[in-house]
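[1] whatever this is, show me its structure:
(one chain, ligands or ions: 2)
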Amino acid sequence: MRKVLVAVLVAIAVYAVATKFHGSADVAIQQPVPSQAQPSPTPRASVNPNQEINDRFAKQLSDKIAGHENDPAEKVFKNIQIQVLKNVPAGRFIRIMNFGYSRALGVACTHCHVEQDFSSDDKRPKRAAREMAATHKMINDQLAKMENLDLKPEQRFINCSTCHRGAINPNASQ
Ligand code: HEC
Ligand code: HEC
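    Ligands and ions are numbered 1, 2, ... in the order given. Modelled structure (predicted):
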């Protein structure tokens, strides 16, 4: 039990250092830095029951863009509208989908995507996710402006998991 606790604390420390030296392009997959008052490893949604199937989709799509992993997502994919995702390298974009979006909600790619055409906007949850990305950015912009927080502006951020914690409806996960 003690070993586990030590391992968790070490992981948090390593993570806090890693995120400190990280650029902001990764915003969608950054995890919140745990505050001293709350040394818990959550709110990271760590296990997705759909991980295996998602890894298969991610591999299929990665194979399809082979050689273009480092090109900007908006050049490689057909329908990229979220501003902060446009210049993300295509390979990392797929990892954000897998370990950011899908894991935060605990869903399979097909919760948001039409299996045969990932660029399609036919599924409502995909359109909702775009609106959520705007909400996510708005909250982070607001956090950065706050004057009475202890953490430095670059250390304050939320991500999809901060609310969702592995559930489609954050309110149902309490
Ligand atoms: C919670 C909803 C959601 C989930 C789950 C999700 N995606 Fe996405 N995905 C989106 C949204 C929204 C976009 C469009 C982003 C934009 O407009 O910038 C997108 C775009 C994409 C695109 C670009 C398609 C194109 O040609 O325009 C790919 C590829 C993709 N997702 C792969 C995946 C994979 C692989 C998974 C599962 C591992 C996944 N997505 C899970 C919401 C989701
Ligand atoms: C501030 C809290 C919060 C944050 C941050 C947040 N969400 Fe949400 N999200 C909600 C709430 C509340 C709902 C409504 C729940 C529902 O409709 O069941 C929701 C609903 C959704 C839905 C609709 C699900 C469905 O199937 O109807 C999607 C998709 C979604 N969020 C994706 C995301 C993604 C992707 C991110 C990160 C970019 C994100 N959310 C960040 C609170 C949040």
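
[2] low-scoring stretches of the protein, by residue?
    Within the chain, the stretches with pLDDT under 70 are 1-45, 173-174.

[3] after the top helix by length along it, next one along is what?
    If you go by DSSP state H, the chain has its longest helix at helix 124-145. Remark: after helix 124-145, the chain's next helix or strand is helix 160-164, criterion DSSP states H and E.

[4] and that next one with ligand 2, contact?
    Yes. Helix 160-164 comes into contact with ligand 2 (CB under 6 Å from any ligand atom), by way of 160, 162-164. Every residue, glycine included, has its C-beta placed from N, CA and C.

[5] closest to residue 131 out of these?
    Nearest to residue 131 out of the residues of helix 160-164 next to ligand 2 is residue 160 (CB to CB; 12.5 Å).

[6] just checking, residue 122 touches residue 115?
    No. In this structure, residue 122 is not within contact of residue 115 by CB atoms under 8 Å, at 11.1 Å.

[7] how many other residues sit next to the closest residue to residue 121 other than its chain neighbours?
    Excluding the flanking residues, the one nearest residue 121 by CB to CB, 6 or more residues apart in numbering is residue 127, at 5.8 Å. Applying other CB atoms under 10 Å, we find 12 residues neighbouring residue 127.

[8] for residue 120, see how far away residue 127 is.
    Going from residue 127 to residue 120 by CB to CB, to the nearest Å gives 11 Å.
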